[in-house]
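In: Got a predicted structure here, sequence first:
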Amino acid sequence: MSSTPRCLVVDDDAAIRTLLAGFLQQHGLQVETVPDGTTLRRRLPQGGVDILVLDLMLPDDNGLALCQWAKASVPGLPVIMLTAQGDPVSRVLGLELGADDYLVKPFEPRELVARIKAVLRRGQAPALAAGAELRFAGWTFDRLRRQLLAPDGTVVALSAAEYRLLNAFVENPGRVLTRDRLLDLTRAPGTEVSDRSIDLAVSRLRGKLGEPPVIRTLRGEGYLFDVPVS
């Protein structure tokens, strides 16, 4: 990534493109805009993009398909989706396809700046050998391929939220993580982000990891990933 993050905005509304380009540039980002999926498919393979802001409601292409294509074309590229109000299905599907965050229109440009910076910080955070296979309690977690293998070699599917949660745990083994800290580490997007959402996500992840449990609940404190990670 260059010293000044490079943001590509995809939106069919010229007024929104102009507004966002000016605002993001004022806040330290290099900004390029394109109006549709066709132009995005030509532009993205040329490189020089650190984060993609993608409107899912485009006239010429399926926004969810574009999100999936962008993630496959440029591994590790952060994607923030812009979605229509009252469209929870697209938001959920987009997150399952690997989007890193989303904003519901209409939104404050300042909120988009905050989301972009948070996603970029997350990508730059110190980590255990980012492309390496991490192992714990017989499990293998390949973060590059976003793949979890059970001790018997079975591939266990993870949602985008579960992937981020497990990633937070394996980077902090033996450390108590409060719900607030997990919210910060995973940046689970959406209006339903709350302590309860973390509890539900942990419950789902525990169910997939099975017995013996590797995630302990410390009442009044938070959660502990209670196995070594190598």
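Out: Okay, I see it.

In: What's the first helix or strand after the helix or strand of the chain with the lowest mean pLDDT?
Out: Ranking every helix and strand in the chain by mean pLDDT, DSSP states H and E puts helix 88-96 at the bottom, with a mean of 71. For helix 88-96, the following helix or strand on the C-terminal side (DSSP states H and E) is strand 101-104.

In: Which other helices and strands does that following strand contact?
Out: Counting contacts by 3 or more CB pairs under 8 Å, 6 or more residues apart in numbering; DSSP states H and E, strand 101-104 packs against strand 79-83, helix 88-96, helix 109-124. To be clear about C-beta, it is placed using only N, CA and C from the backbone, and glycine gets the same treatment.

In: The longest one versus strand 79-83: what angle between them?
Out: What that stands for is helix 109-124. Here the directions of helix 109-124 and strand 79-83 differ by 150 degrees (axes from the mean of the first three to the mean of the last three CA atoms, to 10 degrees).

In: Assess the claim that residue 143 and residue 135 are in contact.
Out: No: using CB atoms under 8 Å, residue 143 is not in contact with residue 135, being 11.9 Å away.

In: which of these two has more neighbours?
Out: Set residue 143 next to residue 135 and count neighbours by other CB atoms under 10 Å: residue 143 wins out with 20 against 16.

In: Could you check the pLDDT of that one?
Out: pLDDT, residue 143: 80.

In: check contacts around residue 75.
Out: For residue 75, the contacting residues are residue 144, by CB atoms under 8 Å, 6 or more residues apart in numbering.

In: Helix, strand, or coil at it?
Out: When classified by DSSP: H, G, I helix; E, B strand; the rest coil, residue 75 comes out as coil.

In: do residue 203 as well
Out: Taking three-state DSSP, the label given to residue 203 is helix.

In: What is the neighbour count of it?
Out: Neighbours around residue 203, by other CB under 10 Å: 11.

In: Grab the nearest non-local neighbour of residue 228.
Out: Counting by CB to CB, 6 or more residues apart in numbering, residue 228 lies nearest to residue 173, which is 6.2 Å off, once chain neighbours are set aside.

In: Check which residues of the least confident helix or strand of the chain are buried.
Out: Neighbour counts over helix 88-96 (16 or more other CB atoms under 10 Å) mark 90-91, 93-95 as buried.

In: which one of those residues sits closest to residue 206?
Out: Distance to residue 206 across the buried residues of helix 88-96 (CB to CB) is lowest for residue 95, with 20.0 Å.

In: Can you give me the separation between the closest one and residue 83?
Out: 10 Å (CB to CB, to the nearest Å).

In: burial of residue 82, as a residue count?
Out: For residue 82, the neighbour count with other CB under 10 Å is 22.

In: Tell me the predicted confidence for the residue lying closest to it once chain neighbours are set aside.
Out: Closest residue to residue 82 apart from its sequence neighbours, by CB to CB, 6+ apart: residue 55 at 4.4 Å. Residue-level confidence at residue 55 comes out at 92, pLDDT.

In: Specify the beta-bridge partners of the residue nearest to residue 111 when sequence neighbours are not counted.
Out: Nearest-residue entry for residue 111: residue 103, 6.5 Å, with adjacent residues in sequence omitted and distances by CB to CB, 6+ apart. Note on residue 103: beta-bridge partners by DSSP bridges are residue 82.
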